[in-house]
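[1] need a 3D model of the following:
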Amino acid sequence: MDLYIPATVKIASPVWLYCGYDLEGDDLYSMKWYKNHVEFYRFLPSDNPPGQKYDLVGVYVDLKKSNQTHVYLTQTDLNTDGLYGCEVSTEAPSYRTVQAEKKMKIYVLPRENPAIEGLEPTYDIGDEVNVTCISSPSKPAAWLSWFINGKPVDPTSLMPYRYQRHQEGLQSTMLGLKFIVTFNHLKLGVMSLGCTATVSQEYYSRSGEIVIGGQFRTEAETYIPAETRPTLSTGKQEYKVGEIVEVNCSSPRDKTDKSVGLVRQ
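    Next up is the predicted model:
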């Protein structure tokens, strides 16, 4: 017997179920479908019509598209989740019966990007960043990951929290991040914090990102002391298109060493 039941299905999506079999020359007596061992569809060639369905919560059978090998579910909801089985029986003289079953899980994706909470308005080098990433409700609970400047963070900086439970079995996930800001966290004076929530690689991967730029109170002198910076000087404050621009760049270490650049616009 060849049974196809999708392992994961996004909520509200339609589903095809397939039950293939080899009768080995016998005639088909019946083909029956079960969810959690409760029958919801049967196909008997001797009946008119041959296909019949039975009301079952979460199972939405389309009789016109269902037959002796396939069952079509027009939609899915959280009640569709369960164990699905197919049973095939043959006519006399063999009266053989074979069956198989598989689990189908219904996924509910978060409606919003994960949120980052706990950010301060500004940070200094040496300050502590203590933030939390919170996913929107989903089923199953989302798996969260933190990134700093696009790179995974040190696991020792993570603070996992318990799941938050919501109605209909949905869950939210929270993952904290705590670290001290250093020069290595800055790229051209900015730092990005990203949080990715993944419910299923097949269906969902989305991230929320916060770019901290211009929020660091660290002044430029922290990086380049004023006494060691080169200085620029020019003969005019304004130039017109087509004029020659003369600029002098002086190094404090050698005031006599100057370079002149000519730029034509």
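[2] all contacts plus neighbour counts: C-alpha atoms, from now on.
    OK.
[3] quick one: mean pLDDT for the host helix or strand of residue 177?
    Per DSSP states H and E, residue 177 falls inside strand 174-180. Strand 174-180 carries an average pLDDT of 95.
[4] for residue 79, what are phi and psi?
    Dihedral angles of residue 79 (phi, psi; degrees, to the nearest 10) stand at phi -80, psi -10.
[5] swap in the one 5 residues further on?
    Dihedral angles of residue 84 (phi, psi; degrees, to the nearest 10) stand at phi -110, psi 140.
[6] for it, name its beta-bridge partners.
    Taking DSSP bridges, one finds residue 35, residue 102 as the beta-bridge partners of residue 84.
[7] show me what contacts it?
    When contacts are counted by CA atoms under 8 Å, 6 or more residues apart in numbering, residue 84 touches 5, 33, 34, 35, 36, 37, 101, 102, 103, 104.
[8] just checking, what packs against whichever helix or strand comes after the strand holding residue 177?
    Stepping forward along the backbone from strand 174-180, the first helix or strand reached (DSSP H and E) is strand 190-200. Packed against strand 190-200 by the contact rule (3 or more CA pairs under 8 Å, 6 or more residues apart in numbering; DSSP states H and E) you find strand 143-148, strand 204-213.
[9] hey, least reliable of those strands by pLDDT?
    When mean pLDDT is averaged over each of those, strand 204-213 scores lowest at a mean of 69.
[10] surely residue 162 and residue 174 touch.
    Yes: contact status for residue 162 versus residue 174: in contact at 7.1 Å, counting by CA atoms under 8 Å.
[11] now the strand holding residue 177: buried residues?
    Of all the residues in strand 174-180, those buried under the rule 16 or more other CA atoms under 10 Å are 174, 175, 176, 177, 179.
[12] give me the neighbour count for the closest residue to the first one other than its chain neighbours.
    Closest residue to residue 174 in three dimensions, ignoring its sequence neighbours and counting by CA to CA, 6 or more residues apart in numbering: residue 134, at 4.6 Å. Applying the criterion other CA atoms under 10 Å, we find 24 residues in the vicinity of residue 134.
[13] could you tell me how far residue 134 is located from residue 10?
    The span separating residue 134 from residue 10 equals 21 Å under the rule CA to CA, to the nearest Å.
[14] ok, residue 118 next?
    Residue 118 sits 32 Å away from residue 10 when distances are taken as CA to CA.
[15] more crowded one of these two?
    Between residue 118 and residue 10, counted using other CA under 10 Å, residue 10 has the larger neighbour count: 21 against 12.
[16] who's that one bridged to?
    For residue 10, the beta-bridge partners are residue 107 (DSSP bridges).
[17] contacting residues around it?
    Listed by CA under 8 Å, 6+ apart, the contact partners of residue 10 are 106, 107, 108, 109, 203.
[18] equivalent analysis for residue 5, please.
    With CA under 8 Å, 6+ apart, residue 5 has these contacts: 16, 17, 18, 84, 102, 103, 104.
[19] just residue 127 next, same as before
    Residue 127 makes contact with 180, 181, according to CA under 8 Å, 6+ apart.
[20] likewise for the one 5 residues further on?
    In this structure, residue 132 makes contact with 116, 117, 118, 174, 175, 176, 177, judged by CA under 8 Å, 6+ apart.
[21] so what's the residue count around the first one?
    Spelled out, that is residue 116. Residue 116 is surrounded by 20 other residues when neighbours are defined as other CA under 10 Å.
[22] not counting its neighbours along the chain, what's nearest it?
    For residue 116, the closest residue by CA to CA, 6+ apart turns out to be residue 133, at 4.6 Å.
[23] need the max-distance pair from the buried residues of strand 174-180.
    The most widely separated members of the buried residues of strand 174-180 are 174 and 179, with 16.9 Å between them, by CA to CA.
[24] look up how far residue 33 lies from the residue lying closest to residue 163 once chain neighbours are set aside.
    The spatial neighbour of residue 163 that comes closest, neighbours along the chain excluded (CA to CA, 6+ apart), is residue 173 at 5.1 Å. When distances are taken as CA to CA, residue 173 and residue 33 turn out to be 36 Å apart.
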